[in-house]
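Starting from these lines, generate the structure:
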Amino acid sequence: MPSPTQHAAHTLPMLLDATDGSIQLGNLPTLIGPSLSRDEASVAFATLVRGQRDVGTGYHWLSLHRLSLGGAPAGISLCFHGQQLDMVTMGVSLPGAALEDDWPTQSAIDAEVAFMRRTLATALGRKLTGGHARFDWGEAWARFDPKGFMASSGIRYAPRS
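Numbering: from 1, shown residues only. A predicted model of the protein is given here:
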């Protein structure tokens with residue numbers, strides 16, 4: 001298993017822009033934001049794609065790995081409705097997170113939610129009160145999802161007219 005330093009050398013940091021909710025991955029020229037199409041994302045991030053899923057309802061997920069957020073290893077999933085980007089879900093792997101039967105414990109989930117709230121608040125310049133914040137471009141969230149028993153974090157873009 002690579003050391004944290006080696007791992008960091010093979011990841012791209014995610015940089016969030018509070019003015020429009022866009023996300024830049026390292027120095028890659030293509031930004032993740034509401035104008036990004038599914039076809040553009042598939043080409044621009046081909047080397048980072050971990051998987052794709054068409055759920056058969058017009059929604060298509062593109063999962064990217066080998067990223068970092070706030071210094072922690074991270075992954076994201078881009079959710080497209082047709083060609084239009086709807087939201088970006090995010091997750092991090094915190095060092096020392098407790099697992100039980102390969103699943104995160106409640107304390108590990110709580111730590112991830114707290115980390116994501118701090119990280120998103122810092123990046124976007126606004127506290128996620130109650131785990132949620134609204135912006136002109138959409139919203140950001142970081143909270144516990146009791147149905148999935150997991151941390152849930154991300155950005156949803158406002159519908160374009």
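
List the buried residues of stretch 139-151.
Residues of stretch 139-151 classed as buried: Glu139, Ala140, Trp141, Ala142, Ala151 (neighbour count, 16 or more other CB atoms under 10 Å). Every residue, glycine included, has its C-beta placed from N, CA and C.

Now do that stretch: distance to the chain's middle.
Its chain's average C-alpha position is 12 Å from that of stretch 139-151, according to CA atoms, centre = their mean, to the nearest Å.

Over to stretch 73-89?
8 Å.

buried stuff in it?
73-80, 85-89.

could you give me the average pLDDT of that stretch?
Average pLDDT, stretch 73-89: 96.

now do stretch 92-106
90.

Just the CA coordinates for it, please, in PDB.
Taking Å, rounded to 0.1, in the frame of the first residue of the first chain, the C-alpha atoms of stretch 92-106 are listed here in PDB:
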ATOM      1  CA  VAL A  92     -13.200  11.200   1.500                       C
ATOM      2  CA  SER A  93     -11.100   8.400   3.100                       C
ATOM      3  CA  LEU A  94     -10.000   9.800   6.500                       C
ATOM      4  CA  PRO A  95      -6.900   8.200   8.000                       C
ATOM      5  CA  GLY A  96      -7.700   5.900  10.900                       C
ATOM      6  CA  ALA A  97     -11.400   5.700  10.100                       C
ATOM      7  CA  ALA A  98     -12.900   2.800  12.100                       C
ATOM      8  CA  LEU A  99     -14.500   0.000  10.100                       C
ATOM      9  CA  GLU A 100     -16.700  -2.800  11.200                       C
ATOM     10  CA  ASP A 101     -17.000  -5.700   8.700                       C
ATOM     11  CA  ASP A 102     -15.500  -3.400   6.000                       C
ATOM     12  CA  TRP A 103     -18.200  -0.800   6.600                       C
ATOM     13  CA  PRO A 104     -17.600   2.600   8.300                       C
ATOM     14  CA  THR A 105     -18.800   2.900  11.900                       C
ATOM     15  CA  GLN A 106     -21.100   5.600  13.100                       C
END
